[in-house]
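S.K.: Sequence isn't available, so here's the structure alone:
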């Protein structure tokens, strides 16, 4: 099976996606710290995907970002997947910085087994409200969690 390479990146430069509250050019710069990144490509009705390449130029991961309304609020979903290993904490932190920036909350969700969905064995996900607010209480407000 032939793996995707940087030479396969022939789609037009994507700078924005209508309805996606993510600064795609900024996201691409921040994702660049993970390795060589390809061009952002449209993904679904309101999203983008980006391939991550090893120094050899062979694809070894991807990032997908989408946005949709859930329960009256706009939510952003971001995932990072690696071909041969589970993404690291540093990968997930970089994903948060790239997609949500320094001012927006994002959450990793552990669903009950009955609601768990797994379509990629080596992917991690973040969800956050597009407006940046947190639906969770301020657990550290009294100085402890």
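M.R.: That came through, no problem. Small disclaimer: the values here were computed from a predicted structure and weren't measured. Residues are numbered from 1 along each chain as shown.
S.K.: roughly how far apart are the nearest residue to residue 99 once chain neighbours are set aside and residue 102?
M.R.: Nearest non-adjacent residue to residue 99, counting by C-beta to C-beta, 6 or more residues apart in numbering: residue 78, 4.3 Å away. Heads up, the C-betas are built off the backbone N, CA and C, glycines and all. Separation of residue 78 from residue 102 (C-beta to C-beta, to the nearest Å): 15 Å.
S.K.: And for residue 87?
M.R.: In terms of C-beta to C-beta, residue 87 sits 20 Å off from residue 102.
S.K.: Residue 140 now?
M.R.: 18 Å.
S.K.: who has more neighbours, residue 78 and residue 102?
M.R.: Per other C-beta atoms under 10 Å, whichever of residue 78 and residue 102 has more neighbours is residue 78, with 24 against 6.
S.K.: give the contact list for the more buried one.
M.R.: 63-65, 95-96, 98-100, 106, 125-127 (C-beta atoms under 8 Å, 6 or more residues apart in numbering).
S.K.: Thanks again, I'm all set now.
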